[in-house]
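[1] coords below, sequence missing:
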């Protein structure tokens, strides 16, 4: 609790990060898969020229220039905006976790920035040298761009997969190799690489969608693009099975329980998002097969529909990956509300110490007042919950009683979705009172403590009165 | 040999698959028994004009897609829904049945998106002036279909029998009750008594799963037949082009195929909405309890609900009469605005349509925010 709280009304800090990240994942994956597409299409155009069909080669290059224009604008403008946006948002939403990642992977991130610089330079040299460069140089630049951009995935994948499966890394050993090449590193790397190829192909269909149906090149371009998508769509489920085999046991169990609805599952959202990713992947496959069989009728609308399916599928997959870490932000080490696992393991002397005394960024508040409860909420709960928006706390606590709330905080971590409560009985009582006051009550922590004590020590039944008949006895 | 088989029309031969192929044999077998070649030929010739507003032609197909989702998910929900224990059976669907919560949420979102798509289809048809002769009956059946879709929404909303659905339905029926002369009778008829009770479910459930589906399927059949027979309407700006500049898509094989990815994307959107915002099940309805604050009808009834608030007390009857005029005016439009290209009436109809759309959006937003 060494950092100020970023309290975002309605959306919540976590959802702000997710909104930016979901779009960034599409852009960043396209930035690499599109590179492979540029290289392959350059090679295709060159082969047409070499095989005595220079006019066809020129026309493919005409298409490729349109693709490169879209690619450059989409990946550099939106990629830069969302990439910086993610840094800004995660540092505010989870400063403790961001600090840990920076300290652990400082060299990897420095390399990543150099790679970005080289990647962007190559792309600009390719695009703005279109008229001046020799074709062989263009093929080289496109290929070099793809290799360098894929290397950025090689690096960032180590950091992303580490957060879910840290493997042999511990907070004590800080083993960089164990952290980077963690158990889900390789399946995640291959899965993402194949997905990038798929997105690069969808980009090709999108640009081809604007071509006139009467243009004979349209069908060839659509089928060329589909060749990136169809094999990838077949491979993704197989690669996901490999990835699945490396997930923590608790995550697998949580997904399986979520199938049987709210009653059976602890966190059905994780299952729903995984279903979304699967449905979207199947739908993309079906849509692209339609394009393969009738390439000339692919319109911009149909191609945009394919791209939106990919975006929604990525959203499902990324939400799944984020939720799979619950209740941690770094699995087994740091909880999503910046509580360290080592503080939990240290026992009640640390975990149950007065909470606000350990937290730095809050105003002075009267103990067990509603303000006390509100600051416990902001510092412990607001990283995931809002008052009345996304994952709202108001509807979740509507049927609560003071004694239930007080007791629930003590055990809420046991199902494995929420982190343990940090703080004393007074902190729990203050938070319970503030939450119940959201529903029109006027309690403070002392009222909650009294109710909890009463529930824990119910009054003994009145003694039997020997003068009353048996049926009138209490 | 039977002489009742029909001969294959000579003009069909070159367009059928080769006689030796399996598809060719099947096509000839069918045509010999069902001599529908003129219909097949008519449909094969059907085309969709290409212009900058062409995307709106996809709205009808989108409505039909959402309706198909409703049929499939509705049948799945019916397997476990019990009108004798409405809330308990819905609770079982969302708590115990594998993917039950997902199917229920998809049903909820598809219902809302279907009605939104109907509004878009209706207004795009209106502004492209596709209601003019000879398509009056296509327009009128479309309006009735829109009304039936809203009746679907109203009757289905009560079925979970939770707090929100109960009180929202009670508010909705109380608006019917205010209608002059027949209001009380209609409200009692719908409710099955003086208040919303389980008896109301016994009326809404068969209405939702039998009566309305039969009506809507029949009308969809008529609506689509009209569209197939008369073809797709062309806007005035397209008609004004010289013939060599008018371009078309073939409906079957081109336009329809290009719509498939759009339907797939909408199907994924439904799952995404169900994943992000699953339909909640509130506590079981308690008719004796007081209504929670802020209970309102569903969004597609909000504009009428809010408009009636502008006519308090003795003006209420006037408000109802004016609101009643809106559907009548919409039915009358194609019989009043008939000129192609549009004349002064046509331009006035467009302006009235813009005003109506603005009013609908404004009233809905006002009702939602107030």
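    Great, that's in hand. What you see is a predicted model; the values in this text were computed from it and never measured.

[2] near chain B, which residues of chain A?
    Residues of chain A lying close to chain B by Cβ under 8 Å from any Cβ of the partner chain are A:213, A:259-264, A:268-269, A:272-273, A:275-276, A:279-280, A:283-284, A:286-287, A:290-291, A:294, A:297-299, A:301-303, A:305-306, A:308-309, A:312-313, A:315-316, A:319, A:395, A:399. To be clear about C-beta, it is placed using only N, CA and C from the backbone, and glycine gets the same treatment.

[3] residue contacts, residue A:309?
    Taking Cβ atoms under 8 Å, 6 or more residues apart in numbering or on different chains, we find residue A:309 in contact with A:280, A:283-284, A:287, B:261, B:264-265, B:268.

[4] cutoff 7 Å now
    Residues in contact with residue A:309 (Cβ atoms under 7 Å, 6 or more residues apart in numbering or on different chains) are A:280, A:283-284, A:287, B:264-265, B:268.

[5] secondary structure element holding it?
    According to DSSP states H and E, residue A:309 maps onto helix A:300-323.

[6] okay, buried residues for that helix please.
    In terms of neighbour count (16 or more other Cβ atoms under 10 Å in any protein chain shown), helix A:300-323 has its buried residues at A:301-323.

[7] related to what we said a few turns ago, by neighbours, which of the contacts of residue A:309 wins?
    Counting neighbours by other Cβ atoms under 10 Å in any protein chain shown, residue A:284 leads the contacts of residue A:309 with 30 neighbours.

[8] could you measure from the residue lying closest to that one once chain neighbours are set aside over to residue B:241?
    Distances taken as Cβ to Cβ, 6 or more residues apart in numbering or on different chains put residue A:309 closest to residue A:284, at 4.8 Å, once the chain neighbours are dropped. Plainly put, residue A:309 is 35 Å away from residue B:241 if you go by Cβ to Cβ, to the nearest Å.

[9] try residue A:144
    From residue A:144 to residue B:241 the distance is 49 Å (Cβ to Cβ).

[10] neighbour count winner among the two?
    Shown here are residue A:144 and residue B:241; by other Cβ under 10 Å, residue A:144 has more neighbours (18 against 13).

[11] what's the angle from the host helix or strand of the more buried one to helix A:300-323?
    Assigned by DSSP H and E, residue A:144 falls within helix A:135-164. Angle of helix A:135-164 versus helix A:300-323, following axes from the mean of the first three to the mean of the last three Cα atoms, to 10 degrees, is 40 degrees.

[12] got the buried residues for the helix or strand just after helix A:135-164?
    Using DSSP H and E, the helix or strand that follows helix A:135-164 in sequence is helix A:176-180. Buried residues in helix A:176-180, counted by 16+ other Cβ under 10 Å: A:176, A:178-180.

[13] just stretch B:72-92 next, same as before
    B:73-74, B:76-77, B:81, B:83, B:86-87, B:89-92.

[14] what pLDDT does residue 172 get?
    No chain was given, so I picked chain A. Looking at residue A:172, its pLDDT is 92.

[15] um, chain B though
    pLDDT, read off for residue B:172, is 88.

[16] contact partners for residue B:204?
    Applying Cβ under 7 Å, 6+ apart, the residues contacting residue B:204 are B:155, B:158-159.

[17] now do it, the pLDDT please.
    At residue B:204, pLDDT is 96.

[18] same thing with residue A:462?
    Model confidence at residue A:462, given as pLDDT, is 66.

[19] equivalent analysis for residue A:468, please.
    62.

[20] these two touch, right, residue B:274 and residue B:106?
    Yes. If you go by Cβ atoms under 7 Å, residue B:274 and residue B:106 touch, sitting 4.9 Å apart.
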